[in-house]
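Student: Got a sequence here, can you model it:
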Amino acid sequence: MSRFLLIAAMVAASVLPAKATPPYYRGNDLARVCGEPRGSDEACVYYILGAYDGFEEARRQKGLKPCINEAVHANDMAAVVRGYLAAHYREYELPAAVIVAVAFKGAFCPEK
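Tutor: Below you'll find the predicted structure:
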């Protein structure tokens, strides 16, 4: 019986995660990719473009007009997010997509 309990405990321990982390990027992950010292511009822009798609789709589904016009370049969006991250380091535990949405809304949405 004790051998069974020992094996059961070993199996349980082997499938438990060492550290519980959310399955999505948080602000500190985004700061690592997009922040200073500068992470990968390519990875930063890819993340921000994906968040942009979700942000604008959510607005569309609510019947709102797009915030970001076609003249805004991906690097402009990245600059806005980098600036927001630098000014709001206390929000790094929030989901990164929320941080991007708040940065976009403050910088680009007329109905702020």
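Student: Buried residues of the strand or helix carrying Ala31, list them for me.
Tutor: For Ala31, the element it lies in under DSSP states H and E is helix 27-34. Neighbour-count burial for helix 27-34 flags 27, 29-31, 33-34 (criterion: 16 or more other CB atoms under 10 Å). To be clear about C-beta, it is placed using only N, CA and C from the backbone, and glycine gets the same treatment.
Student: likewise stretch 64-75?
Tutor: For stretch 64-75, burial by neighbour count (16+ other CB under 10 Å) applies to 67-68.
Student: okay, how far is it across that stretch, tip to tip?
Tutor: 24 Å (CA to CA, to the nearest Å).
Student: which residues touch that stretch?
Tutor: 41, 45, 48-49, 52, 55-56, 59-60, 77, 104-105, 108-111 (CB atoms under 8 Å, 6 or more residues apart in numbering).
Student: List the contacts of the residue nearest to the spatial centre of the chain.
Tutor: Nearest to the mean C-alpha position of the chain, by CA atoms, centre = their mean, lies Ala96 at 2.1 Å. With contact taken as CB under 8 Å, 6+ apart, Ala96 is in contact with 24-27, 29-30, 47, 51.
Student: pLDDT for those - can I get that in JSON lines?
Tutor: Formatted as JSON lines, the contacts of Ala96 follow (pLDDT from 0 to 100):
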{"residue": "Tyr24", "pLDDT": "86"}
{"residue": "Tyr25", "pLDDT": "90"}
{"residue": "Arg26", "pLDDT": "94"}
{"residue": "Gly27", "pLDDT": "94"}
{"residue": "Asp29", "pLDDT": "92"}
{"residue": "Leu30", "pLDDT": "93"}
{"residue": "Tyr47", "pLDDT": "93"}
{"residue": "Ala51", "pLDDT": "94"}
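Student: Since that was my last question, I'll sign off now.
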